[in-house]
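1. From the sequence below, what's the structure:
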Amino acid sequence: MNENIEISVGIDDTDSPKGMCTTYVMYRFVNRAMAEGFEIIGMPRLVRLNPACPFKTRGNAALGVDIRLDQSKISVLKNMLLDTIFELSEIKEKNTNPAFVIFERKNINDKLVNFSRNAVKRVVELNEALSLIKSYATFSFGFNGSRGLIGALAAAAYDFPSGYTYELIAYRVKEMRGKKRLVDPKSVFEADAATRGCTFDNVDAENGEIKITPHTPCPVLLGIRGLDVNCIKKAFDLLKIEEPVEGYMVYKTNQATDDHIINLERINDIEPLTSVSIKGNVVSLPRQIKGGHVFVEITDGFDKIRIAAYEPTRSFRKVLMSLRPGDSIQVWGSYKPRENEPPTINLEKIRIINLAQYGKLMNPVCPVCGTRMKSEGKDKGYQCPKCKYKLKNAEKVFEPEKRDIQPGFYDVPPKARRHLSKPSFLVVLKDEGKS
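-> A predicted model of the protein is given here:
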């Protein structure tokens with residue numbers, strides 16, 4: 001009598017700028033697996049990898065799923081994976097490296113889990129992935145250089161250390177791909193209002209834009225993110241969709257969890273091509289350059305680094321423009337060194353911890369009529385230009401600037417938010433046993 005086994009499958013890098021989406025490849029594979037009688041354990045995993053990685057795919061998402069099946073059927077599953085990837089992936093594109101990996105779940109160990117966590121936070125090496133796969137995988141296959149095995153391994157072994165959210169992704173029929181997505185914007189705003197609190201980032205209210213539909217020629221029609229599966233499905237049912245829908249799938253995902261963030265105390269410890277959180281004090285006035293980008297310099301008491309809010313962050317730039325030397329802040333963002341530019345953190349959000357008293361030394365105000373007085377010369381006092389009242393022994397007085405921000409969290413708008421970046425208002429879900 002054959003025994004059932006539990007396996008973990010990971011898939012990555014099936015798309016290109018011209019089309020496809022690895023979530024769709026997983027959607028099709030899962031449906032084929034279920035049709036074959038294989039049991040899907042839990043939900044498929046959508047794992048966003050390091051957003052600062054220079055080798056990232058278009059959406060930078062790897063997909064994983066756990067399956068229970070008869071041990072004698074493992075070759076059937078393997079061939080099903082191969083067929084699905086050959087059929088759907090952009091395999092002819094130069095920079096597309098489709099890959100999949102299969103592990104027995106009992107072989108998912110700390111080494112594999114730690115690698116998967118690192119793939120979200122840092123740039124990891126293909127040789128390390130290949131070594132781990134050789135030691136622990138049941139089967140793997142990589143095309144066009146095998147770089148996709150990094151994400152495939154990560155998705156197969158990923159354990160959501162920072163919590164998770166959900167995303168319902170609906171797919172277009174083949175005939176509609178590359179055409180305008182026919183989703184009524186008004187219904188998106190209405191669905192957002194009806195499910196707010198258990199779904200998020202459906203719309204960018206500030207810019208009057210819907211956020212659930214992508215702009216690429218891929219199979220994805222829309223995606224709804226949230227904290228409750230039934231609530232997400234409710235939002236989907238409220239939408240007015242004016243084109244055929246092939247189907248949808250709900251994924252468990254690390255989106256909106258800050259899982260990519262490395263918490264640091266020293267600026268000097270920041271690694272290139274990572275995303276960090278660090279506290280510091282502002283040491284420069286904000287500077288806005290042509291194009292609308294805003295820069296401020298902060299220090300941890302030992303080293304300095306520039307922080308930036310680029311033009312796509314829209315109103316978020318006003319927060320940086322309101323900062324003053326001495327303000328105590330915490331920042332979240334990515335560090336990607338660029339030639340001939342100073343080290344810079346590209347901001348995702350900011351917390352103002354404390355506002356410094358900032359202002360200028362000004363001439364005193366006339367105690368008689370309230371007019372700003374003028375200096376009579378060094379050590380000669382001041383005279384009111386209006387009523388001619390004189391103050392012989394007066395000195396300049398400090399007048400604090402009126403600040404138009406308060407301590408608290410400030411996020412970039414949904415339009416500019418990274419997949420992994422957690423909105424400051426969001427409390428993500430946690431599995432039992434995870435702190």
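2. from here on, contacts and neighbour counts on C-alpha atoms
-> Will do.
3. give me the number of residues near N268?
-> Look at N268: counted by other Cα atoms under 10 Å, it has 12 neighbours.
4. any idea how far stretch 206-221 is from the chain center?
-> 16 Å (Cα atoms, centre = their mean, to the nearest Å).
5. and the end-to-end length of that stretch?
-> 23 Å (Cα to Cα, to the nearest Å).
6. do stretch 233-242 as well
-> From its first residue to its last, stretch 233-242 covers 18 Å (Cα to Cα).
7. Quick one: mean pLDDT over it.
-> Taken as a whole, stretch 233-242 carries a mean pLDDT of 98.
8. Low-confidence ranges, the protein, go.
-> Scanning the chain for pLDDT under 70 picks out the ranges 1, 432-435.
9. Could you rerun that using 90?
-> Applying pLDDT under 90 to the chain flags the ranges 1-2, 16-19, 55-59, 91-95, 143-146, 206-207, 379, 393, 431-435.
10. what does the domain assignment say about this structure?
-> 4-157, 165-253, 261-357+403-416 (automatic domain parsing).
11. which one of these has the most crowded surroundings?
-> Counting by mean count of other Cα atoms under 10 Å, domain 4-157 has the highest mean neighbour count of the domains of the chain, with a mean of 20.
12. returning to what we had before: dump the domains of the chain to JSON lines, plus distance to C366.
-> As requested, those are exported to JSON lines (distance: least, Cα to Cα, whole Å):
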{"stretch": "domain 4-157", "distance to C366": "57"}
{"stretch": "domain 165-253", "distance to C366": "44"}
{"stretch": "domain 261-357+403-416", "distance to C366": "24"}
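13. Find the helix or strand that L153 is a member of.
-> L153 belongs to helix 148-157 when elements are defined using DSSP states H and E.
14. Residues in contact with that helix: which ones?
-> Outside helix 148-157, the residues that touch it by Cα atoms under 8 Å, 6 or more residues apart in numbering are 8-13, 45-47, 49, 61-66, 97-103, 108, 112-113, 115-117, 119, 124-126, 129-130, 133, 140-142.
15. give me that answer again for 7 Å
-> Applying Cα atoms under 7 Å, 6 or more residues apart in numbering, the contact partners of helix 148-157 are 8-13, 45, 47, 62-65, 97-101, 108, 112-113, 115-116, 119, 126, 129, 142.
16. same thing with stretch 406-416?
-> Residues contacting stretch 406-416 (Cα under 7 Å, 6+ apart): 201, 204, 312-313, 316, 348-355, 423-424.
17. mind running it again at 6 Å?
-> Stretch 406-416 has contacts (Cα atoms under 6 Å, 6 or more residues apart in numbering) with 201, 204, 313, 316, 349-354.
18. How about stretch 370-378?
-> Residues contacting stretch 370-378 (Cα under 6 Å, 6+ apart): 364-366, 382-384.
19. Could you do stretch 41-58 as well?
-> So stretch 41-58 is in contact with 60-67, 119-121, 123, 155, 251-254, 273-274, going by Cα under 6 Å, 6+ apart.
20. before we move on, the earlier item: just the contacts of stretch 406-416: which are in strands?
-> Secondary structure from DSSP state E places 204, 349-354 of the contacts of stretch 406-416 in strands.
21. Please enumerate the helices of the stretch 151-300 of the chain.
-> Secondary structure of the stretch 151-300 of the chain by DSSP state H, counting those that start in this stretch: the helices cover 185-195, 229-238.
22. Now distance to V397 too, for the ones you listed, in CSV please.
-> As requested, those are exported to CSV (distance: least, Cα to Cα, whole Å):
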stretch, distance to V397
helix 185-195, 51
helix 229-238, 58
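23. any idea which of the contacts of stretch 370-378 has the most stuff around it?
-> Using other Cα under 10 Å as the neighbour test, these are led by Y382, with 26 neighbours.
24. quick one, what contacts that residue?
-> Contacts of Y382 (Cα under 6 Å, 6+ apart): 373-376, 390-391.
25. Show me how to select, in PyMOL, the buried members of these.
-> To isolate the buried ones among those in PyMOL, judged by 16 or more other Cα atoms under 10 Å, type:
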select buried, resi 373+374+375+390+391
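26. What about the contacts of Y382, which are in strands?
-> Per DSSP E, these map to strands at 374-375, 390-391.
27. all strands of the stretch 301-435 of the chain, in order?
-> 304-309, 328-335, 344-354, 359-362, 374-375, 382-383, 390-391, 397-400, 408-411 (DSSP state E, counting those that start in this stretch).
28. for the stretch 151-300 of the chain, same thing?
-> Going by DSSP E, counting those that start in this stretch, the stretch 151-300 of the chain shows strands at 165-172, 199-200, 203-204, 209-210, 220-226, 245-253, 261-263, 274-282, 287-288, 294-299.
29. Distance of I40 relative to R196?
-> I40 is 30 Å from R196, by Cα to Cα.
30. ok so Y24 is a strand residue?
-> No. According to DSSP: H, G, I helix; E, B strand; the rest coil, Y24 belongs to no strand; its state is helix.
31. any idea how far L63 is from it?
-> 10 Å.
32. ok, now F425?
-> Going from F425 to L63 by Cα to Cα gives 27 Å.
33. for L320, same thing?
-> To L63, L320 is 37 Å away according to Cα to Cα.
34. cool, and Y158?
-> Following Cα to Cα, the distance that separates Y158 from L63 is 10 Å.
35. could the contacts of stretch 370-378 go into CSV alongside distance to G148?
-> Below are these laid out as CSV (distance: Cα to Cα, whole Å):
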residue, distance to G148
P364, 68
V365, 69
C366, 73
Y382, 74
Q383, 76
C384, 75
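36. just these now: which is nearest P342?
-> P364 (40.9 Å; Cα to Cα).
37. tell me the phi and psi of that closest one?
-> phi -70, psi 160 (degrees, to the nearest 10).
38. ok, it - contacts?
-> Applying Cα under 6 Å, 6+ apart, one finds that P364 lies in contact with 373, 396.
39. Nearest spatial neighbour of N95, chain-adjacent residues omitted?
-> Once flanking residues are discounted, N95 sits nearest to S16: 7.5 Å by Cα to Cα, 6 or more residues apart in numbering.
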